[in-house]
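[1] Got a predicted structure here, sequence first:
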Amino acid sequence: MPDGQNTHGQNTNGRDGARSTTEDDITAAVLARFAATPEPRLKQIMLALIKHLHAFVKEVELTEAEWFQAIEILTEAGKMCSDKRQEFILFSDTLGVSMVVDLLGHRKPEGATESTVFGPFHRLGSPDLPPGGNIAHRDTVGVPTLVSGRVLDLDGKPIVGALLDVWQTQSNGLYDSQDEHPDELHMRGKFRTDAEGRYLIRTVRPVNYPIPSDGPVGAMLKATGRHPMRPAHIHFVVMADGYEPVTTHIFDRTDPYLESDAVFAVKESLICDFVRHEAPTAEAARLGIAGPMFTANFDFVLKPTGVAARIDVLDAQRRLAALGARA
Ligand code: BEZ
Ligand code: FE
């Protein structure tokens, strides 16, 4: 036991039984108070949290006014959370924490599709659509786009019946849940790969858009001279029995925000060419597309695994839905 501490790590120095404490004494006392945490992982997390949190407060010499301001910001963030808004996920994303967690949790072998942030706008219950099904049926502004490709294993063999859960903003840069009819699903669908592992999605060309910035996250971005923009992208969760699911996006290679995504989610391997055609391709004409259009081709490669990881991703979706994403 260090000098000057009792069995609980409390400081016993001082005159007449009073505890004269320095800031380091407090850190030691708090660490000691958590030292008996029975569950080893919780103990590791709590001890590291206290160590780093106290070190941060000491490093910046946080004032009482600043600490109170932080509490006000967190309170405001909590009040903003609803079935349509998750301000804490926005904080996690804009501080880069979501991407660090993603990178730690999804180390992929060479060749497997890389993951990126889930974001707060996934919804459960999007419709099952046939190959070529249109997720953008209410979007009359965007340029029609066919996204196609295959879902493959690490040996390049097609995965039949893989599920692609897809979501995207409308051409006005808003997700359905942010727009006029928040209860109606739009720009979402579930697609299955065919016997050759192919999928085909009809949509509109994705646009860049700002993350919600009318709350404390927006204030933080403004005060620190950061913009709220995300480069144009389409979200995917791709899963198949026996493979690790991947939560990812494809990004438009021409987007000016690729280098400065507000949530740090761009990975080189996820950047994709959206090719303009002045007249519809034969496949597009068959689907009833007229006039100029875009095509994008992207193959997803899944890593084999047991069923546990699939349960993890579904669980993440359900938990997010319970927190705020609309089911
Ligand atoms: C999104 O792409 O939907 C998103 C991701 C992170 C924060 C906000 C939005
Ligand atoms: Fe998005």
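    On my side now, so go ahead. Ligands and ions are numbered 1, 2, ... in the order given.

[2] And what about residue 149, helix, strand or coil?
    State at residue 149, reduced to three classes by DSSP: H, G, I helix; E, B strand; the rest coil: strand.

[3] Count residues in the vicinity of it, would you?
    Using other C-beta atoms under 10 Å, the number of residues around residue 149 comes to 19. In short, each C-beta sits where N, CA and C put it, glycine included.

[4] does it really touch residue 198, like I thought?
    Yes. Using C-beta atoms under 8 Å, residue 149 is in contact with residue 198, at 7.3 Å.

[5] quick one, phi/psi of residue 197?
    With angles defined as degrees, to the nearest 10, residue 197 sits at phi 80, psi 10.

[6] Return the per-residue confidence for it.
    With respect to pLDDT, residue 197 scores 98.

[7] Not counting sequence-adjacent ones, nearest residue to it?
    Using C-beta to C-beta, 6 or more residues apart in numbering and skipping residues adjacent in sequence, the residue nearest residue 197 is residue 158, 2.5 Å away.

[8] Now do residue 65, the pLDDT please.
    pLDDT at residue 65 comes out at 98.

[9] Which residue would be the closest one in this protein to ligand 1?
    Of the chain, the residue with the smallest distance to ligand 1, taken as C-beta to the nearest ligand atom, is residue 119 at 2.9 Å.

[10] bridging residues for the residue nearest to residue 197?
    Listed by DSSP bridges, the beta-bridge partners for residue 158 are residue 152.

[11] Strands of the stretch 201-327 of the chain, start to end?
    With DSSP state E, counting those that start in this stretch applied, the stretch 201-327 of the chain shows strands at 209-210, 229-230, 233-239, 246-252, 271-272, 274-277, 293-297, 300-302, listed in chain order.

[12] Find residues that contact each of residue 149 and residue 198.
    With C-beta atoms under 8 Å, 6 or more residues apart in numbering applied, the contact sets of residue 149 and residue 198 do not overlap.

[13] For residue 27, which of the strands of the stretch 201-327 of the chain is the nearest?
    Across those, the minimum distance to residue 27, taken as C-beta to C-beta, is reached by strand 246-252, at 37.1 Å.

[14] Dump the closest one to CSV, keeping only the CA atoms.
    The C-alpha coordinates for strand 246-252 follow below in CSV (Å, rounded to 0.1, in the frame of the first residue of the first chain):
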residue,chain,number,x,y,z
VAL,A,246,-19.7,-5.4,-43.9
THR,A,247,-21.1,-2.0,-43.0
THR,A,248,-19.8,0.4,-45.6
HIS,A,249,-20.4,3.1,-48.2
ILE,A,250,-19.4,3.7,-51.8
PHE,A,251,-18.2,7.2,-52.5
ASP,A,252,-18.3,9.3,-55.8
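
[15] For that strand, give me every contacting residue.
    Strand 246-252 has contacts (C-beta under 8 Å, 6+ apart) with 106, 112-118, 147, 205-206, 231-239, 258, 265-266, 270-272, 274, 296, 298, 300, 302, 313, 316.

[16] among those, which ones are buried?
    Neighbour counting by 16 or more other C-beta atoms under 10 Å classes 106, 112-118, 147, 205-206, 231-239, 258, 265-266, 270-272, 274, 296, 298, 300, 302, 313 among the contacts of strand 246-252 as buried.

[17] list the buried ones in the longest helix along the chain?
    The longest helix of the chain (DSSP state H) is helix 40-60. For helix 40-60, a neighbour-count test (16+ other C-beta under 10 Å) marks 46, 47, 50, 54 as buried.

[18] Check stretch 148-158 too.
    148, 149, 150, 151, 152, 153, 158.

[19] contacting residues around residue 39?
    For residue 39, the contact set (C-beta under 8 Å, 6+ apart) is empty.

[20] how close does it get to residue 46?
    Distance, residue 39 to residue 46, using C-beta to C-beta, to the nearest Å: 10 Å.

[21] coming back round to it: how about the strands of the stretch 201-327 of the chain, which one is nearest residue 168?
    Minimum separation from residue 168 across those (C-beta to C-beta) falls at strand 233-239, 4.7 Å.

[22] what's the closest one packed up against?
    strand 163-167, strand 246-252, strand 300-302, helix 308-323 (3 or more C-beta pairs under 8 Å, 6 or more residues apart in numbering; DSSP states H and E).

[23] so what strands line up beside the first one?
    Pointing back at strand 163-167 there. Using DSSP bridges, strand 163-167 pairs in its sheet with strand 188-192 (antiparallel), strand 233-239 (antiparallel).

[24] What does the pLDDT read for the closest residue to residue 260 other than its chain neighbours?
    Excluding the flanking residues, the one nearest residue 260 by C-beta to C-beta, 6+ apart is residue 227, at 6.9 Å. At residue 227, the predicted lDDT confidence score is 98.

[25] Show the contacting residues for residue 227.
    Residue 227 touches 210, 221, 257, 260, 262, counting by C-beta under 8 Å, 6+ apart.

[26] How about residue 50, nearest residue that isn't a chain neighbour?
    residue 30 (5.1 Å).

[27] For the one you found, what is the enclosing helix or strand?
    helix 23-34 (DSSP states H and E).

[28] list the buried ones in that helix?
    For helix 23-34, burial by neighbour count (16+ other C-beta under 10 Å) applies to 25, 27, 28, 29, 30, 31, 32.
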